[in-house]
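Enquirer: Could you look at this predicted model? Sequence included:
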Amino acid sequence: MFSQNFRFHTYSIQQILQYGGVAATFCAVASLTASAAQAQTNGSAQTPRKTPLYPQNAKPSQNPNRPLLEMVFVVDTTGSMSGLIEGAKKRIWGIVNEMLTTTAEKRPEIRIGLVAYRDKGDDYVTKVLPLTNDLDKVYATLMDYQAGGGGDTPENVRRALAEGVTKMNWSPRTFAGRKVARIMFLVGDAPPHDDYQEEPDTLSTAAKAIAQGIYINTIQCGNIEGTRTVWQRISSRGEGKYFAIAQDGGVEVIPTPYDAELSRLGAKIGATSMAYGGGGFAGGAAVYQRAIVGRSNRLESKLSASAAAAPASAYANADRAVNKAVNVYAYDANADLVTAIESGTTTLEKVKKEDLPISIQNLPPPEQKKQVAQKLAERKEIRSQILTLAQKRDAFLKTERQKRVVATGKPVVSFDAAVADAMKEQVSRQGIRL
């Protein structure tokens, strides 16, 4: 009797489990089961809309006025790479922010993809996160990376590099009339298993990448014998740059007096969201919005806890808050009505009643507009406060970094510095003005 509803509900619960966690799934099961039974009892079951309950921002927007920047990091996650992985967690937001604030053109849309790799016999050979502009998802994926495995020195670089080229849903060179820059970073400390003849050769993969307009840079951590030569050959064939950095990544985190307040303001931006969508079946909007809000709350709680435990995490959270202020369109445009309206993705009038945020579904249209306008104004004010503090923080960091250069006699070559160096040169080469 419930076959059609059951098929959809199973799919929906899987989606919520992926994006909303166990608690949200429990709520979803109860709500969906009750709604299905009620619909059958009333004899008025609706045909559900078969769309993911939490759509990822897997495709870039169609805005021709914003350049598109795509970055993929192919990262060795074996045991010796723990320092680099922790450094990447701390600085990923800062890397993105630098590209958003140094471009002379309109701020680019940024999409990031990840390939974590190890070797045969480890827990996994590769884990792939395709390119997305959902930067919270990128950060959450990075936070889950833990160094482990390895042992025989060479790793399965061949497969990892190939999947960075072939499994990343890269945009075409010309996409909706936009300028597109596509850049990869291979980051590791060990050479490839060249005895894995069933895997694509690294130089062939690099040649394939550059033929498609994807530049490949290599970042060598430490000084394991045999890595330097291979890394230099890959970057040369991929028309990118080669960098040698410390085994731990050389990432330097300088706590500032502004980090805690920036983190607090970043969380306040999240509180201005109005989850929408999920209509088309009984109780759908409520289930959908619980899943979205639950996902957001869990991420914020996780970030707050990590910031309280370590100053380095507070630094990363401050960078994330700045990103929320300058990277307006990267946060849940598919699920947050405030962002969707702000970005021009939709208008309040175009949203069906069953898809509206629950808090305003039954209000008259003028009151709906008023509440959305209040959220937009509140978000604008918070962004202004963030940008003011960010300027003070940047000045503080510039002074402190200069002190360290004077003390050591030279700037530190670090993971984040290497990425910024390559990005500036290669983004310009692909037609985006800095």
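Expert: It's in. Numbering: from 1, shown residues only.
Enquirer: Let me see the ranges of the strands in the stretch 301-434 of the chain.
Expert: Here the stretch 301-434 of the chain has no strands by DSSP state E, counting those that start in this stretch.
Enquirer: OK, contacts around Val96?
Expert: Ile110, Ile112, Leu135, Asn323, Asn327 (C-beta atoms under 8 Å, 6 or more residues apart in numbering). Every residue, glycine included, has its C-beta placed from N, CA and C.
Enquirer: What helix or strand is it located in?
Expert: Using DSSP states H and E, Val96 maps to helix 82-102.
Enquirer: in that helix, what counts as buried?
Expert: 82-100 (16 or more other C-beta atoms under 10 Å).
Enquirer: roughly how far out does that helix sit from the chain middle?
Expert: How far helix 82-102 lies from its chain's middle: 11 Å, per C-alpha atoms, centre = their mean, to the nearest Å.
Enquirer: Name the strands paired with the next helix or strand after that helix and say parallel or antiparallel.
Expert: Later in the chain than helix 82-102, the nearest helix or strand by DSSP H and E is strand 109-117. According to DSSP bridges, strand 109-117 forms sheet pairs with strand 68-76 (parallel), strand 126-132 (antiparallel).
Enquirer: what's the most buried one of these?
Expert: When neighbours are counted by mean count of other C-beta atoms under 10 Å, the highest per-stretch mean among these falls to strand 68-76, a mean of 25.
Enquirer: Measure how that strand sits relative to helix 82-102, angle-wise.
Expert: With axes from the mean of the first three to the mean of the last three C-alpha atoms, to 10 degrees defining the directions, strand 68-76 sits at 170 degrees from helix 82-102.
Enquirer: ok so, going back, and of the strands paired with strand 109-117, who's closest to Gly240?
Expert: Each of the strands paired with strand 109-117 has some distance to Gly240 by C-beta to C-beta; the shortest is strand 68-76, at 12.0 Å.
Enquirer: Show the average pLDDT along that closest one.
Expert: Mean pLDDT, strand 68-76: 96.
Enquirer: Likewise for stretch 219-235?
Expert: Mean pLDDT, stretch 219-235: 96.
Enquirer: And for stretch 406-418?
Expert: Stretch 406-418 comes out with an average pLDDT of 84.
Enquirer: Between the two ends of it, what distance do you get?
Expert: 20 Å (C-alpha to C-alpha, to the nearest Å).
Enquirer: Please compute how far it lies from its chain's middle.
Expert: Between the mean C-alpha location of stretch 406-418 and the chain-wide mean there is a distance of 26 Å, by C-alpha atoms, centre = their mean.
Enquirer: which of the residues in it are buried?
Expert: Neighbour-count burial for stretch 406-418, counted by 16+ other C-beta under 10 Å, picks out Ser414, Phe415, Asp416, Ala417, Ala418.
Enquirer: got JSON lines for those residues, with distance to Thr339 too?
Expert: Compiled in JSON lines, those are given as follows (distance: C-beta to C-beta, whole Å):
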{"residue": "Ser414", "distance to Thr339": "33"}
{"residue": "Phe415", "distance to Thr339": "30"}
{"residue": "Asp416", "distance to Thr339": "27"}
{"residue": "Ala417", "distance to Thr339": "32"}
{"residue": "Ala418", "distance to Thr339": "32"}
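Enquirer: Take the residues you listed and keep only those in helices.
Expert: The helices, defined by DSSP state H, take in Phe415, Asp416, Ala417, Ala418 from those.
Enquirer: between the strands paired with strand 109-117, which one is nearest to Ala390?
Expert: Per C-beta to C-beta, nearest to Ala390 of the strands paired with strand 109-117: strand 68-76, 20.3 Å.
Enquirer: Break this structure down into its domains, please.
Expert: Per automatic domain parsing, the structural domains of the chain span 68-252+412-429, 255-385.
Enquirer: any idea which of the ones you listed scores lowest on pLDDT?
Expert: Ranked by mean pLDDT, these bottom out at domain 255-385, which scores a mean of 81.
Enquirer: Quick check: end-to-end length of that domain?
Expert: Terminal-residue distance, domain 255-385 (C-alpha to C-alpha): 19 Å.
Enquirer: Any buried residues in stretch 173-184, and which?
Expert: Buried residues in stretch 173-184, counting neighbours by 16+ other C-beta under 10 Å, are found at Phe175, Arg178, Lys179, Val180, Ala181, Arg182, Ile183, Met184.
Enquirer: now stretch 139-158
Expert: Of the residues in stretch 139-158, 139-143, 145, 147, 149-150, 153-158 count as buried by neighbour count, 16+ other C-beta under 10 Å.
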